[in-house]
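Could you work out the structure for the sequence below:
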Amino acid sequence: MREETAFDETAFLGLSRDARRDGYRLGLFAKHLEPDERPLVFLPIRDATLIVTDRRILEFRAHLVVQGSWNVRRFDGFVIERSIPRETVRGVDRKVGPPPGPQPGTAYVDERLVLDTADGVLDILVTRAPRPVLSDADLVTLRAAILAPQAK
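I've put the predicted structure just below:
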């Protein structure tokens, strides 16, 4: 099983840029990686975590064991919600704008990653907050990691 050391050379972006590294939590993500797969970027997004590896873009969600409608019994790690092969991505863009629908008086903006893939456009909500969390430098790092040539 992979452990948190898999993330030793990973770029932590957005809100994780200055956060304390939780080895246990990183280990929960690492166990989903192939033995020789390298994580390049770690980015917390709204209700999930995005990890870009040398092969895939992985969107993780927390797996909660529940009993009934509102009774969360325990946190049971992370599950891969979406896996996108990097070679299918042709472009990466960021959109910042008001949330969809009527939002009278709101001071929040949606920050979204827009991935142009061979299967169409994918939209990933990074955050809904008073201001975007990705810096311009973060976006450059993220775009480079996703669009960089892959080893065959």
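
Relative to the whole chain's centre, how far out is the one helix or strand Ser83 maps to?
The secondary structure element spanning Ser83 is strand 72-85 (assigned by DSSP states H and E). Strand 72-85 has its average C-alpha position 12 Å from the chain's average C-alpha position, going by Cα atoms, centre = their mean, to the nearest Å.

Show me which positions of it end up buried.
By neighbour count with 16 or more other Cβ atoms under 10 Å, strand 72-85 contains the buried residues 78, 84. Every C-beta, even on glycine, is put in place using the N, C-alpha and C of the backbone.

what about the helix or strand following that strand, distance to the chain center?
Downstream of strand 72-85, the next assigned helix or strand under DSSP H and E is strand 89-97. Chain-centre distance of strand 89-97: 14 Å, with Cα atoms, centre = their mean.

got it, and stretch 52-60?
When distances are taken as Cα atoms, centre = their mean, stretch 52-60 is centred 8 Å away from the chain's centroid.

Tell me which residues are up against it.
Applying Cβ atoms under 8 Å, 6 or more residues apart in numbering, the contact partners of stretch 52-60 are 29, 32-34, 37-41, 43, 45, 48-51, 78-86, 89, 115, 124, 142, 145-146, 150-151.

and if we set it to 7 Å?
Taking contacts as Cβ atoms under 7 Å, 6 or more residues apart in numbering, the residues outside stretch 52-60 that touch it are 29, 33, 37-41, 48-51, 78-86, 142, 145-146, 150.

list the contacts for the residue positioned nearest the centre of the chain?
With distances taken as Cα atoms, centre = their mean, the residue of the chain nearest its centroid is Leu50 (1.3 Å). Going by Cβ under 7 Å, 6+ apart, Leu50 touches 43, 57, 59, 124.

Checking it next. Helix, strand or coil?
State at Leu50, reduced to three classes by DSSP: H, G, I helix; E, B strand; the rest coil: strand.

Would you mind measuring from it to Leu58?
To Leu58, Leu50 is 7 Å away according to Cβ to Cβ, to the nearest Å.
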